[in-house]
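the amino acid sequence is not available; the structure is as follows:
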């Protein structure tokens with residue numbers, strides 16, 4: 001009879017080795033998770049401390065082009081040209097509408113005087129069939145005195161007879177609220193022909 005003995009490997013040391021290996025793996029995984037969380041918290045604080053990024057968009061959701069701010073003199077010159085175009089460019093059919101359109105450049109305190117002065121112009125233009133065109137050549141703006149000197153040409157036709165002359169004006173202005181009709185916010189307080 002043969003005696004065969006089977007050797008069995010003890011399970012306890014192997015189980016302890018696997019347990020130690022699993023424990024080591026869990027410790028390394030926990031350390032990696034802590035490092036990742038710390039990194040994410042630091043990144044969150046960095047993002048929260050930064051200034052926000054503003055994306056200016058037009059009404060059509062297109063990005064605005066970055067442009068330099070215009071000079072105040074240029075803005076005032078544009079407003080003066082728009083005023084001259086409405087105030088001094090008309091014909092008998094449109095004189096009333098153009099003079100009313102120019103009223104958006106007059107401050108509220110002077111509206112009554114402006115309407116009284118332009119009513120006589122409109123009445124004369126309609127009765128005599130007067131046509132007037134004004135062409136601005138130069139606008140010299142003085143910000144300290146708040147004046148704008150306008151030079152250009154004026155063509156006037158009375159019942160078909162045309163006459164050309166110089167247009168020389170000195171306009172006093174002030175700043176006010178910007179509106180859709182007056183986006184420059186420039187209001188003419190005094191007008192003097194030279």
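Noted; the coordinates are in hand. Model, not experiment: these values are computed from the prediction.

contacting residues for residue 96?
Under the criterion of CB atoms under 8 Å, 6 or more residues apart in numbering, the contact partners of residue 96 comprise 122, 126. In this view, the C-beta of every residue, glycine as well, is placed from N, C-alpha and C.

report the separation between it and residue 105.
With distances defined as CB to CB, to the nearest Å, the gap from residue 96 to residue 105 amounts to 16 Å.

do the same with residue 194
According to CB to CB, residue 194 and residue 105 sit 20 Å apart.

neighbour count: the two, which is higher?
Neighbours were counted for residue 194 and for residue 105 using other CB atoms under 10 Å; residue 105 has more, 23 against 10.

from residue 73, how far out is that one?
Counting by CB to CB, the separation of residue 105 from residue 73 is 17 Å.

elements contacting the strand of greatest length in the chain?
In the chain, ranked by residue count with DSSP state E as the criterion, the top strand is strand 161-175. Helices and strands in packing contact with strand 161-175 are listed as helix 72-87, strand 130-142, strand 147-158, strand 186-193; criterion 3 or more CB pairs under 8 Å, 6 or more residues apart in numbering; DSSP states H and E.

pick the most buried one from these.
Ranked by mean neighbour count under mean count of other CB atoms under 10 Å, the helices and strands packed on strand 161-175 are led by helix 72-87, which reaches a mean of 19.

quick check: mean pLDDT across that helix?
Helix 72-87 shows an average pLDDT of 93 in the prediction.

between the helix or strand just after it and helix 72-87, how many degrees?
With elements assigned by DSSP states H and E, the helix or strand that comes after helix 72-87 is helix 95-102. Between helix 95-102 and helix 72-87, the angle formed by their directions is 160 degrees, by axes from the mean of the first three to the mean of the last three CA atoms, to 10 degrees.

buried residues in helix 95-102?
When burial is assessed from 16 or more other CB atoms under 10 Å, helix 95-102 yields the following buried residues: 95, 96, 98, 99, 101, 102.

of all the residues you listed, which comes closest to residue 18?
Checking those against residue 18 with CB to CB, the nearest one is residue 101 at 91.8 Å.

do you know how far residue 182 is from residue 104?
5 Å.

repeat for residue 175
Spatial separation of residue 175 from residue 104 under the definition CB to CB is 14 Å.

and for the nearest residue to residue 63 once chain neighbours are set aside, the neighbour number?
Spatial nearest neighbour of residue 63, chain neighbours left out: residue 57 (6.1 Å); criterion: CB to CB, 6 or more residues apart in numbering. Residue neighbour count, defined by other CB under 10 Å, stands at 10 for residue 57.
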